[in-house]
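**Student:** Quick one, structure for this:
(2 chains)
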Protein chains: 2
Amino acid sequence: MARIAATPAPPYYAVIFTSRRTEDRAGYAETAARMLALAAEQRGYLGVEQAEDGELGMTVSYWDSLEAITAWRENVEHRMAQAQGKERWYEGFAVRVCRVERAYDFEREA
Amino acid sequence: MARIAATPAPPYYAVIFTSRRTEDRAGYAETAARMLALAAEQRGYLGVEQAEDGELGMTVSYWDSLEAITAWRENVEHRMAQAQGKERWYEGFAVRVCRVERAYDFEREA
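**Tutor:** The predicted structure follows:
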């Protein structure tokens, strides 16, 4: 998943999820992978970017509307994963829902 | 820097910087650390979050206005670092300027 998401021209929406993990890692990787796959199936999904350095995890997902973000937040399987996250895997996290106003890219020439 | 940024209530602004690095790492860490310190001195800076897993780097900086973001982008020392980044350190990157509309936190009880 270590790719820069190919998103359309703004405006669109982003959810910035920043987390600190507990020591309890049982089941985390499987659930995280399942959530990435499930998110990608949702209506309005545009892409995801993710990096984790052991201390801090960052996942930014991109969506075409606030309605798509709300629907994903309320997805039943996602809600179960959120509950497990609060119970076991996360020391703390922040969720920020944003409207992407401007964007630009750089790609090195071959 | 591996912390969740303590940001105020929305609205405020975020710059999502997602990058893939080249093999050339000479001088990168020093410049990256200097840019974090310099950003923190700018008017309107609210905080930063950063994670890097070797393949993909993600830095999200938070600002109180679009004007603050523009001023930081145009900062002379920052512009020199940007030029070095394109010349040497980055295979590719994406910059997304966002307005944070909603936010919430979770913190595990002690």
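**Student:** from here on, contacts and neighbour counts on C-alpha atoms
**Tutor:** OK.
**Student:** what does chain A put close to chain B?
**Tutor:** Taking Cα under 8 Å from any Cα of the partner chain as the criterion, chain A approaches chain B at residues A:2-4, A:18-20, A:49-53, A:55-58, A:86, A:90-108.
**Student:** What about those, which are in strands?
**Tutor:** A:18-20, A:49-52, A:56-58, A:90-107 (DSSP state E).
**Student:** Mind checking which of the residues of chain A next to chain B are buried?
**Tutor:** Among these, those classed as buried by 16 or more other Cα atoms under 10 Å in any protein chain shown are A:3-4, A:18-20, A:49-52, A:56-58, A:90-100, A:103.
**Student:** Just list whatever residues bridge to A:V15.
**Tutor:** According to DSSP bridges, the partner residues bridging A:V15 are A:S61, A:V97.
**Student:** mind listing what the closest residue to A:R43 other than its chain neighbours touches?
**Tutor:** Nearest non-adjacent residue to A:R43, counting by Cα to Cα, 6 or more residues apart in numbering or on different chains: A:A68, 6.4 Å away. Listed by Cα atoms under 8 Å, 6 or more residues apart in numbering or on different chains, the contact partners of A:A68 are A:42-45.
**Student:** how far away is A:A68 from A:T22?
**Tutor:** A:A68 sits 29 Å away from A:T22, taking Cα to Cα, to the nearest Å as the criterion.
**Student:** cool, and A:Q84?
**Tutor:** Following Cα to Cα, the distance that separates A:Q84 from A:T22 is 12 Å.
**Student:** Could you tell me which of the contacts of A:A68 count as buried?
**Tutor:** A:44-45.
**Student:** Put together a markdown table for the contacts of A:A68, with secondary structure and pLDDT on each row.
**Tutor:** Supplementary listing: the contacts of A:A68 in a markdown table, determined by DSSP: H, G, I helix; E, B strand; the rest coil; pLDDT from 0 to 100:
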| residue | secondary structure | pLDDT |
| --- | --- | --- |
| A:Q42 | coil | 97 |
| A:R43 | coil | 97 |
| A:G44 | coil | 98 |
| A:Y45 | strand | 98 |
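**Student:** Closest one of the contacts of A:A68 to chain B?
**Tutor:** A:Y45 (16.8 Å; Cα to the nearest Cα).
**Student:** Sketch out the low-pLDDT regions of chain A for me.
**Tutor:** Residue ranges of chain A with pLDDT under 70: A:1.
**Student:** Regarding it, what is its longest helix?
**Tutor:** Among the segments of chain A that qualify as a helix by DSSP state H, the longest is helix A:28-40.
**Student:** can you give me the angle it makes with strand A:90-107?
**Tutor:** Relative orientation of helix A:28-40 and strand A:90-107, computed by axes from the mean of the first three to the mean of the last three Cα atoms, to 10 degrees: 50 degrees.
**Student:** From the contact counts, what lies against helix A:28-40?
**Tutor:** Packing contacts for helix A:28-40, counted by 3 or more Cα pairs under 8 Å, 6 or more residues apart in numbering or on different chains; DSSP states H and E, involve strand A:45-52, helix A:76-84.
**Student:** Nothing else from me, thank you.
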